[in-house]
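[1] predicted model, plus sequence, below.
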Amino acid sequence: MIEALRLLQARMTGAGPPPETVTETAETLEKLAAALEPFTVPEAAQIVGHRTDLPGRGQAMAPPVHIEEWDEEHVLGHVTFSRFYLGGNGAVHGGAIPLAFDEVMGRLANTGRPRARTAYLHVNYRKITPVGSRLRVEARFEREEGRKRILAGALVDGETVVADAEGLFVTLKPGQP
Ligand SMILES: CCCCC/C=C\C/C=C\C/C=C\C/C=C\CCCC(=O)SCCNC(=O)CCNC(=O)[C@H](O)C(C)(C)COP(=O)(O)OP(=O)(O)OC[C@H]1O[C@@H](n2cnc3c(N)ncnc32)[C@H](O)[C@@H]1OP(=O)(O)O
């Protein structure tokens, strides 16, 4: 279902369909939304966001980062930004890149350590990030200072770093949401 939605997002973004196809598509989507409505559940019971075995934990919003290596110190993976993530002129939207970093660095920050949330994410856009290219995703745990965890990440196209990031993740106090 999530894979199919991702495909739909990409196809819809890239489409210039005739009015009758637009109407038909909208009706089909409304029917699908209505079919799912009776199955609305509390957050803890939903599938999306909880499937750590799926790219982006099953969130169709998050770019589909495929994790290849993952331990307490580093994460390695790859991602291809589909047409859905297009900003303009073949480049990925600047807001989609932090989504990928937050997902990967947030997951790393929360691996083998108490829960932490993103306090900041500083992203450097070094080159345009091309839509449709398979990119390497890297993240590493840099250091810990009390409740603060500093992580680094990079998005690499071949040998070229297209974006890199520093993230601060702060350990949550008991009872902190
Ligand atoms: C969504 C996941 C949730 C968390 C994970 C849960 C379970 C994990 C399980 C599996 C994980 C799998 C995947 C995870 C994938 C993605 C995770 C994404 C994570 C997120 O996407 S999460 C959403 C966005 N995130 C927020 O929604 C945070 C909103 N915010 C706050 O909740 C507070 O703001 C908080 C808690 C951050 C800090 O608040 P606080 O009151 O507890 O602590 P305080 O302010 O005292 O800061 C303590 C020290 O950090 C320094 N400090 C703080 N902020 C700073 C900043 N911006 N710049 C520079 N320094 C800063 C202070 O200066 C002080 O430093 P010092 O001690 O040296 O003075």
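    Happy to help now that I have it.
[2] what's the closest non-adjacent residue to whichever residue of the chain sits closest to the ligand?
    When distances are taken as Cβ to the nearest ligand atom, the chain approaches the ligand most closely through residue 106, which lies 2.5 Å from it. Quick note: C-beta positions are derived from backbone N, CA and C, even for glycine. Taking Cβ to Cβ, 6 or more residues apart in numbering, and ignoring the residues beside it in sequence, residue 106 has residue 118 as its nearest neighbour in space, at 5.9 Å.
[3] the nearest residue to residue 9 once chain neighbours are set aside: how many residues sit nearby?
    Excluding the flanking residues, the one nearest residue 9 by Cβ to Cβ, 6+ apart is residue 84, at 4.0 Å. When neighbours are counted by other Cβ atoms under 10 Å, residue 84 registers 22.
[4] change the start of the numbering to 342 and stick with it
    New numbering, starting at 342: the last item is residue 425.
[5] just list the residues touching residue 425, thanks.
    Applying Cβ atoms under 8 Å, 6 or more residues apart in numbering, one finds that residue 425 lies in contact with 347, 350, 351, 353, 354.
[6] shouldn't the fourth one be within a helix?
    Pointing back at residue 353 there. Yes - if the criterion is DSSP: H, G, I helix; E, B strand; the rest coil, then residue 353 is within a helix.
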